[in-house]
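>>> need coordinates for the following:
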Amino acid sequence: MRDGEFEQLSQRMAEGSFQQSLGMRDMAQSHGAHTSLVGVVDERDEPVAGAMIAYTPSRFGLVGSVWAGPLCDPDDPDMVSAVSEAILEDGRRHHALSISCWPNDVYRRHHSDGSADGAADGALMRDYAHAHWRHQGFGTGYDSVMNRWVYVKDLSGIGDERALLGSYSKRTQWSVKRARSMGVVVREVGEDQFGVFAQIEQQTAERRRFAFRGEQYFHDFARAFGDRAHFMIAYIDTTRYLESMQRKADDLRSLVESIGAKMQARETTKLRRRYNEESSNLAAATKRLQAARELATRGALLPAACSLFVEHPNEVVYLFSGSLEEYKPFYASALIQHEAMLRLCVERGIARYNFYGIDGVFDDPNSEGHGVLEFKQGFNGYVEELPGEFTLPVSRVRCAVKRVAQKVIGG
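Numbering: from 1, shown residues only. Reported below is the predicted structural model:
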């Protein structure tokens, strides 16, 4: 399949995503993978299904991956079989051991709290099984390749910032407003700021114990996806922050003085109680003002959080993020999400915002991804459970050898 045909297929199909695009093909190649574009055409020679396959070496031979694909109508078993045959033939040409795919189709939809919203798509599973794919099972947790559980927000009917903000939970609305009141600003940055972006990512990786990809990864991603990749950094504008804290302290001081003047004329229990309360608030505000002055000595703009977003005609995906623990009280991460939804979706008419991976565990506050889940739930979306990984054996003999070797190694 030619490049242009594949890109058009990805952009017009409901299953299309950045993972099945020329940008991802270029990204895979920049990291050493061999790639193929395969397709199925109709009687008019028009592409109707396809896949981008990335081949990488493994201990037992070359293996192929079809991330968030194939691009195929899952309700058409003949089409699933046809594209599977095209994938198999390409695997044979590459002398691959096997090919895995992670269809970008919803197996079951869930409410934000994890409760099921409809029945599971058993037909999808049967169609892939009939095309000789072997399902690798259902599960929870973060997958090392493709997440099976994703959190999504539907922005249909939201036409401006006020409506967008009002669609969040009360606490998330407060977080966004709080970030702005504390001088946080969000800027889209270019490659000259990727060092700062990478530093935040690295500190987050060390704190949360996940692998850091390195700064070069972000340069590669930017070059592969061009203006469809959006790198955003949330900064604390210390001048704005200082001015905000000064205004709050001044307002409280005026209020305390006003209450004090009333008490001199005629003191009451109610006035005394309010005077004590506002005096306490003034003391706290004065302390925050001093902290703002000290923060301002570090610089005019202090990076606090970062996120990478990638757009596709079907959606905008929130792919990576990082934040500095020191600046957690500034709620910079919430503001980045809000700005991304507003600028990249609402203002451009894209109705689907994909928060991407969650671990699929909704009832355990001690689970690995509970904090991430709670953060995303604050934006009031829903959950898509995807079918997960399928594997298509290309060389059955070598696949059998691999299974035996894995049993011996594991046992």
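>>> need the pLDDT of Lys402.
Looking at Lys402, its pLDDT is 51.
>>> scratch that, Arg209 is what I was asking about
79.
>>> distance of it from Tyr142?
Using C-beta to C-beta, to the nearest Å, one gets 12 Å for the distance from Arg209 to Tyr142. Yep, even glycine has a C-beta here, placed from its N, CA and C like the rest.
>>> what number of residues lie near Ala14?
For Ala14, the neighbour count with other C-beta atoms under 10 Å is 11.
>>> got it, and the one 4 residues further on?
The number of residues packed near Phe18 is 24, by other C-beta under 10 Å.
>>> repeat for the one 5 residues further on
Taking other C-beta under 10 Å as the neighbour definition, Gly23 ends up with a count of 21.
>>> what sits against it?
Residues counted as contacts of Gly23 (C-beta atoms under 8 Å, 6 or more residues apart in numbering) are Ala224, Phe225, Gly226, Arg228, Ala229, Val310.
>>> which residues in the stretch 201-350 of the chain form strands?
229-237, 301-312, 315-323 (DSSP state E, counting those that start in this stretch).
>>> just the stretch 1-150 of the chain next, same as before
34-41, 47-58, 61-66, 98-101, 108-110, 134-135, 149-154.
>>> redo the ones you listed as a markdown table? Include mean neighbour count.
Shown next, in a markdown table, are those (neighbours: other C-beta atoms under 10 Å):
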| stretch | mean neighbour count |
| --- | --- |
| strand 34-41 | 18 |
| strand 47-58 | 21 |
| strand 61-66 | 22 |
| strand 98-101 | 23 |
| strand 108-110 | 17 |
| strand 134-135 | 14 |
| strand 149-154 | 21 |
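>>> more crowded one of Arg209 and Tyr142?
Neighbours were counted for Arg209 and for Tyr142 using other C-beta under 10 Å; Tyr142 has more, 15 against 7.
>>> make CSV from the strands of the stretch 201-350 of the chain and add mean pLDDT, distance to Ala28 and mean neighbour count to it.
As requested, these are exported to CSV (pLDDT from 0 to 100; distance: least, C-beta to C-beta, whole Å; neighbours: other C-beta atoms under 10 Å):
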stretch, mean pLDDT, distance to Ala28, mean neighbour count
strand 229-237, 98, 15, 22
strand 301-312, 97, 14, 24
strand 315-323, 95, 15, 21
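>>> tell me what the residue positioned nearest the centre of the chain is bridged to.
Taking C-alpha atoms, centre = their mean as the criterion, Tyr318 is the residue nearest the geometric centre of the chain, at 3.0 Å. When bridges are called by DSSP bridges, Tyr318 pairs up with Phe309.
>>> now it: how far from Ser395?
If you go by C-beta to C-beta, the gap between Tyr318 and Ser395 works out to 38 Å.
>>> before we move on, what about Arg93?
Following C-beta to C-beta, the distance that separates Arg93 from Ser395 is 12 Å.
>>> which of the two has more neighbours?
Ranked by neighbour count (other C-beta under 10 Å), Arg93 and Ser395 place Ser395 first, with 18 against 11.
>>> now the more buried one: how far from Leu97?
For Ser395, the distance to Leu97 - C-beta to C-beta - is 6 Å.
>>> so what sits against both of the two?
With C-beta under 8 Å, 6+ apart as the test, Ser395 and Leu97 both reach Gly61.
>>> how is the chain divided into domains?
Listed domain ranges for the chain are 3-143+387-410, 151-237+300-383, 240-296 (source: automatic domain parsing).
>>> for the second one, what is the distance to the chain centroid?
Okay, so that is domain 151-237+300-383. 7 Å (C-alpha atoms, centre = their mean, to the nearest Å).
>>> for that domain, measure first residue to last.
For domain 151-237+300-383, the first-to-last residue distance is 5 Å (C-alpha to C-alpha, to the nearest Å).
>>> can you count the residues close to Glu325?
Neighbours around Glu325, by other C-beta under 10 Å: 8.
>>> which residues touch it?
Glu325 neighbours (C-beta under 8 Å, 6+ apart): Gln203, Arg207.
>>> ok so, going back, could you save the strands of the stretch 1-150 of the chain as a markdown table and add columns showing mean pLDDT and distance to Gly190?
Converted to a markdown table, the strands of the stretch 1-150 of the chain look like this (pLDDT from 0 to 100; distance: least, C-beta to C-beta, whole Å):
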| stretch | mean pLDDT | distance to Gly190 |
| --- | --- | --- |
| strand 34-41 | 97 | 27 |
| strand 47-58 | 97 | 27 |
| strand 61-66 | 96 | 30 |
| strand 98-101 | 98 | 34 |
| strand 108-110 | 98 | 38 |
| strand 134-135 | 97 | 42 |
| strand 149-154 | 98 | 27 |
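>>> possible to save the ones you listed as TSV with distance to Glu188?
TSV is the format used below for the strands of the stretch 1-150 of the chain (distance: least, C-beta to C-beta, whole Å):
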stretch	distance to Glu188
strand 34-41	29
strand 47-58	27
strand 61-66	30
strand 98-101	33
strand 108-110	32
strand 134-135	40
strand 149-154	20
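>>> what does stretch 69-79 contact?
Under C-beta under 8 Å, 6+ apart, the answer for stretch 69-79 is 9-10, 13, 15-16, 19-20, 40, 48-52, 80, 83-84, 87, 101-105, 121, 123-124, 126-127, 130-131.
>>> average pLDDT for it?
Computed over stretch 69-79, the average pLDDT equals 95.
>>> swap in stretch 164-178?
Rounded mean pLDDT across stretch 164-178 is 98.
>>> straight-line length of it, end to end?
Terminal residues of stretch 164-178 are spaced 16 Å apart (C-alpha to C-alpha).
>>> count the residues that sit near the residue lying closest to Lys262 once chain neighbours are set aside.
Nearest residue to Lys262 in three dimensions, chain neighbours excluded: Leu271, at 5.9 Å (C-beta to C-beta, 6 or more residues apart in numbering). Residues lying near Leu271 (other C-beta under 10 Å) number 15.
>>> cool, thanks, signing off.
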